[in-house]
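Undergrad: Take this sequence and fold it.
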Amino acid sequence: MGTNYCVVCRTEEVAQGRILAGFITCLECGKADAKKVKWCVTITSHKGAYGVVRDREMLKCLNKYQPI
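TA: Okay, here's the model as predicted:
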């Protein structure tokens, strides 16, 4: 199997474990990309699991006090 390089910086090799996990960037470029997310909200439902909301409009729909 050939060497896989990061699609962002094209200089660093991407570890085989990252490739198998579905990542196509090196660790440093991956960290830089992750820092672009400004906020993330986790909500729970009654007797349910946690849910992650990253879209501000969806969050407004979930607020029962938000005027329509």
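Undergrad: Could you pull out the helices in this structure for me?
TA: In the chain, the helices defined using DSSP state H lie at 16-21, 27-34, 56-62.
Undergrad: As TSV, those helices with mean pLDDT, distance to Lys47 and mean neighbour count would be great.
TA: To be clear about C-beta, it is placed using only N, CA and C from the backbone, and glycine gets the same treatment. Shown next, in TSV, are the helices of the chain (pLDDT from 0 to 100; distance: least, Cβ to Cβ, whole Å; neighbours: other Cβ atoms under 10 Å):
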stretch	mean pLDDT	distance to Lys47	mean neighbour count
helix 16-21	90	31	10
helix 27-34	89	31	13
helix 56-62	75	17	11
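Undergrad: could you redo those helices as CSV and give each row distance to Cys6?
TA: Formatted as CSV, the helices of the chain follow (distance: least, Cβ to Cβ, whole Å):
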stretch, distance to Cys6
helix 16-21, 10
helix 27-34, 5
helix 56-62, 30
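Undergrad: and of those, who's closest to Arg10?
TA: Closest of those to Arg10 is helix 27-34, at 9.8 Å (criterion: Cβ to Cβ).
Undergrad: Just give me the residue right at the centre of the protein.
TA: Ala34 (6.5 Å; Cα atoms, centre = their mean).
Undergrad: list the contacts for that residue?
TA: Counting by Cβ atoms under 8 Å, 6 or more residues apart in numbering, Ala34 makes contact with nothing.
Undergrad: Report the separation between it and Lys64.
TA: 31 Å (Cβ to Cβ, to the nearest Å).
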